[in-house]
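*Asks:* Predicted model and sequence below, questions to follow.
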Amino acid sequence: MSFTIRKTAEPGDVAVFLDLFDSNDEDSIHPRAVIDDGEWDLWLAEFEGELAGGALLRVQPDETGVPRGFEDNLLIDGRFRRQGLARELMVAAESHYQERGLVGMQAAGSADDARAIAMFESLGYQIVKRYTRPERETAYGTQASEARVRMWKDF
């Protein structure tokens, strides 16, 4: 499959990206909060005019205070998973932030998501921290505390 990757800030594209969470039974509270904050970049992946996935990123300081590109939300529609699309989205975002002169990227995710961790590691990310996110409210009710990882990649 050949996907088209594009960076966008169009309100209609943002709405379609947020709808992707609902159609895949994923919590959209966090991406909505990031978008409401106003400082973000959105890449969408399409296949034959249909949204296949998206990546919401922004510049955020790492734990040492150095600004890096930060992957906030990366979601691939269930019909398009395991085809390298998450990798393509991250490569596009990394190029953007490298061109802006940032020193690297960071990402955070579930410590239990071995596939996502393997994908990030294959792109050169290294786990720099393991932590537990406390219990929190989501669109689907209360989410238990969760083991998480933070990963960095230097350019």
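*Replies:* It's in.
*Asks:* who touches the longest strand seen in the chain?
*Replies:* Identified as the longest strand of the chain according to DSSP state E is strand 50-61. Applying Cβ atoms under 8 Å, 6 or more residues apart in numbering, the external contacts of strand 50-61 come out as 3, 16-17, 20, 31, 34-35, 37, 39-46, 67-77, 79-80, 85-86, 89-90, 92-93, 97, 100, 102, 106. Just so you know, the C-beta spots here come from the backbone N, C-alpha and C atoms, and that holds for glycine as well.
*Asks:* any idea how far the helix or strand that that strand is followed by is from the chain center?
*Replies:* Next along the chain after strand 50-61, taking DSSP states H and E as the criterion, comes strand 67-76. Its chain's C-alpha centre and that of strand 67-76 lie 4 Å apart, by Cα atoms, centre = their mean, to the nearest Å.
*Asks:* then strand 67-76 to PDB, C-alphas only?
*Replies:* Output in PDB follows, covering the C-alpha atoms of strand 67-76 (Å, rounded to 0.1, in the frame of the first residue of the first chain):
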ATOM      1  CA  PRO A  67      13.500  21.400  23.500                       C
ATOM      2  CA  ARG A  68      12.700  18.300  21.500                       C
ATOM      3  CA  GLY A  69      10.000  17.200  19.200                       C
ATOM      4  CA  PHE A  70       7.500  15.300  21.300                       C
ATOM      5  CA  GLU A  71       5.100  12.600  20.100                       C
ATOM      6  CA  ASP A  72       1.900  13.200  22.000                       C
ATOM      7  CA  ASN A  73      -0.500  10.900  20.100                       C
ATOM      8  CA  LEU A  74       0.100   8.400  17.400                       C
ATOM      9  CA  LEU A  75      -2.900   6.400  16.100                       C
ATOM     10  CA  ILE A  76      -3.300   4.100  13.200                       C
END
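*Asks:* Buried residues, the helix or strand harbouring E121. List them.
*Replies:* Using DSSP H and E, E121 sits within helix 114-122. Within helix 114-122, the residues scored as buried using 16 or more other Cβ atoms under 10 Å are 116-117, 119-120.
*Asks:* Next, the angle from that helix to strand 67-76.
*Replies:* Interaxial angle, helix 114-122 versus strand 67-76 (axes from the mean of the first three to the mean of the last three Cα atoms, to 10 degrees): 140 degrees.
*Asks:* Report all helices and strands that whichever helix or strand comes after helix 114-122 contacts.
*Replies:* Heading C-terminal from helix 114-122, the first helix or strand you meet, by DSSP H and E, is strand 126-133. Applying 3 or more Cβ pairs under 8 Å, 6 or more residues apart in numbering; DSSP states H and E, we find strand 126-133 packed against strand 146-154.
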